[in-house]
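Asks: Got a predicted model here, sequence first, then my questions.
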Amino acid sequence: MFFRLRRFVLRVFGAVVGKGVTVHRGIKFFAFGKLKIGHNTTINYGCYLDSRGGLDIGSNVNISHCVKIYTMGHDIDDPLSSVVTGSVSIGDYAWIFPNVLIMPGVQVGDGAVVYPGSVVTKNIGPYEVCGGNPAKFIRMRDVEPTYNASFPIWFGL
């Protein structure tokens, strides 16, 4: 019931939300109109999603707790600190572990994995496993995933 209600509210505010999307409690959204989430994707509690510059999350994606995704910031080399935007795209079957920070303009490829606490400042290719600060390539993923990433945990604390 609560997951359906959250999907409904996101759609009312202009987000495109696929079937079976699980949006857990405590998520902060910074604008809705440029947000697209594919089917059977889970966004866990405590995440911060900035879609002002465009945020496209694929199908069967797992975004673990406390992930922060930014699409807008300021040009630190501009004396007037002008606003800069860069859309973020996360491909199908990607797995974003807890406490990851994704910066504006980054693309995370299909099936990519980002390890906990990583800071993603550059694109990650399909099926790459990356981690660190800044995130760096570690290895390729051994399997082409086919799982359903809709994880509605009703009583998670």
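Replies: Yes, it's here.

Asks: which residues touch the nearest residue in space to P134 that is not next to it in sequence?
Replies: The shortest distance from P134 to any non-neighbouring residue, by C-beta to C-beta, 6 or more residues apart in numbering, is to T121 (4.8 Å). All C-beta spots, glycine's among them, are computed from the backbone N, C-alpha and C. If you count contacts by C-beta atoms under 8 Å, 6 or more residues apart in numbering, T121 has them with M103, V106, P134, A135.

Asks: who touches stretch 143-152?
Replies: By C-beta under 8 Å, 6+ apart, stretch 143-152 touches 3, 20-22, 40-42, 44, 60-62, 93, 111, 127.

Asks: Stretch 103-110 too?
Replies: Against stretch 103-110 from outside (C-beta under 8 Å, 6+ apart): 53, 58, 70-73, 84-94, 96, 102, 114, 119-128.

Asks: same thing with stretch 10-18?
Replies: 7, 23, 29, 32-33, 35-41, 51, 59.

Asks: go with 10 Å
Replies: Here stretch 10-18 makes contact (C-beta atoms under 10 Å, 6 or more residues apart in numbering) with 6-9, 21, 23, 27, 29, 31-41, 49, 51, 55-60, 150.

Asks: Quick one, which of the residues you listed are buried?
Replies: 6-7, 21, 23, 27, 29, 31-32, 34-35, 37-41, 49, 51, 55-60, 150 (16 or more other C-beta atoms under 10 Å).

Asks: Please list the members of those residues that lie in helices.
Replies: Those of the buried ones among the contacts of stretch 10-18 mapping onto helices are R6, R7, per DSSP state H.

Asks: in which helix or strand would I find R4?
Replies: According to DSSP states H and E, R4 maps onto helix 2-12.

Asks: chain center to the helix or strand just after that helix: distance?
Replies: Moving toward the C-terminus from helix 2-12, the next helix or strand (DSSP H and E) is strand 16-17. In terms of C-alpha atoms, centre = their mean, to the nearest Å, the centre of strand 16-17 is set 14 Å apart from its chain centre.

Asks: Same check on stretch 141-152?
Replies: The answer for stretch 141-152 is 15 Å, by C-alpha atoms, centre = their mean.
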